[in-house]
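Q: need coordinates for the following:
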Amino acid sequence: MENKTLCPHCGEKMKKWSVPPMSTWSSEFFYVCFNDQCSYFIRGWKHMQDSARAACSYRHRYDPETGTSGPLPVWSDDACRSQIIEE
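A: Sure, this is the predicted structure:
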C-alpha cells in the first residue's frame, strides 16, 4: 500500500499542516512537503516566474480527508511553516 504521507517528488516524510480557517479548503489539515531540496519546490520557482511572472513556488500537499494532492502556493522558503503541527 502506498504511503501518501511521503512526498512523491523527493520521498521525504511530509509534515502535518493546519489549514487556515478562512481558506476555501474544507479539511482541517493536510500533509505538506517542507523539504527545501525537493525537486517539485525547486522547479516551482522557475515555472511560476516563466509562466506567471510571479516570484513564488509551491510545495506538494496531500489532503487525507479527500485523498487529493496538489500544490500549496508559497511565497518564500519559510512561508506556511508556522502552521506545521508537531506530532
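
Q: next up, the contacts around the residue lying closest to residue 45 once chain neighbours are set aside.
A: Leaving aside its sequence neighbours, residue 45 sits nearest to residue 57 (Cβ to Cβ, 6 or more residues apart in numbering; 4.5 Å). (C-beta placed from N, C-alpha, C; glycine too.) Residues near residue 57 by Cβ atoms under 8 Å, 6 or more residues apart in numbering: 41-42, 44-45, 47-48, 73-74.

Q: and residue 59, how many neighbours?
A: Residue 59 is surrounded by 25 other residues when neighbours are defined as other Cβ atoms under 10 Å.

Q: who does the strand or helix carrying it pair up with?
A: Assigned by DSSP states H and E, residue 59 belongs to strand 57-62. Paired neighbours of strand 57-62 in the sheet (DSSP bridges): strand 29-32 (antiparallel), strand 69-74 (antiparallel).

Q: let me see the mean pLDDT of it.
A: Along strand 57-62, the predicted local confidence has a mean pLDDT of 97.

Q: list the buried ones in stretch 65-80?
A: For stretch 65-80, burial by neighbour count (16 or more other Cβ atoms under 10 Å) applies to 69, 72, 74, 80.

Q: thought residue 14 was touching residue 3?
A: No. Under the criterion of Cβ atoms under 8 Å, residue 14 is not in contact with residue 3, lying 9.7 Å apart.

Q: higher neighbour count, these two?
A: Neighbour count, other Cβ under 10 Å: between residue 14 and residue 3, residue 14 has more, with 24 against 9.
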